[in-house]
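In: Give me coordinates for this.
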Amino acid sequence: MHQDPEYVAVHEKAETATPTNLQQSYMVCELPQKLNLLFSFLRTHTTSKMIVFVSSCKQVLAHSTASAGRFPARSGPNGP
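Out: Got it, this is the predicted structure:
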């Protein structure tokens, strides 16, 4: 027998679904400038927490290969 599903929410009692201090940004640039602008931005915001979205697994591999050795590894609660 299946039980009724239980509703689970991380911010169930919060007034908004996202933190009020969350800042979302984007930049429009020409393709040849894309990696240089991204790395420049990352270098000037080393103390910020951020997520960079890309559109494919191939881009993830290209970005991680291009950035290897350019940025120091940051360790978190679960290691580097």
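In: Doesn't residue 61 lie inside a helix?
Out: Yes - counting by DSSP: H, G, I helix; E, B strand; the rest coil, residue 61 is found in a helix.
In: give me the number of residues near it?
Out: 11 (other Cβ atoms under 10 Å). Quick note: C-beta positions are derived from backbone N, CA and C, even for glycine.
In: Go ahead and flag the most central residue of this structure.
Out: Nearest residue to the geometric centre of the chain (Cα atoms, centre = their mean): residue 51, 0.9 Å.
In: How about residues contacting the helix or strand of the chain with the lowest mean pLDDT?
Out: In the chain, the helix or strand scored least confidently by mean pLDDT, DSSP states H and E is helix 57-67, which has a mean of 86. Residues outside helix 57-67 that contact it (Cβ atoms under 8 Å, 6 or more residues apart in numbering): 35, 38, 39, 42, 52, 54.
In: ok, of these, which come out buried?
Out: Neighbour-count burial (16 or more other Cβ atoms under 10 Å) applied to the contacts of helix 57-67 gives residue 38.
In: mind giving me a markdown table with the contacts of helix 57-67 and columns for pLDDT?
Out: What follows is those, written out as a markdown table (pLDDT from 0 to 100):
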| residue | pLDDT |
| --- | --- |
| 35 | 86 |
| 38 | 88 |
| 39 | 87 |
| 42 | 86 |
| 52 | 86 |
| 54 | 86 |
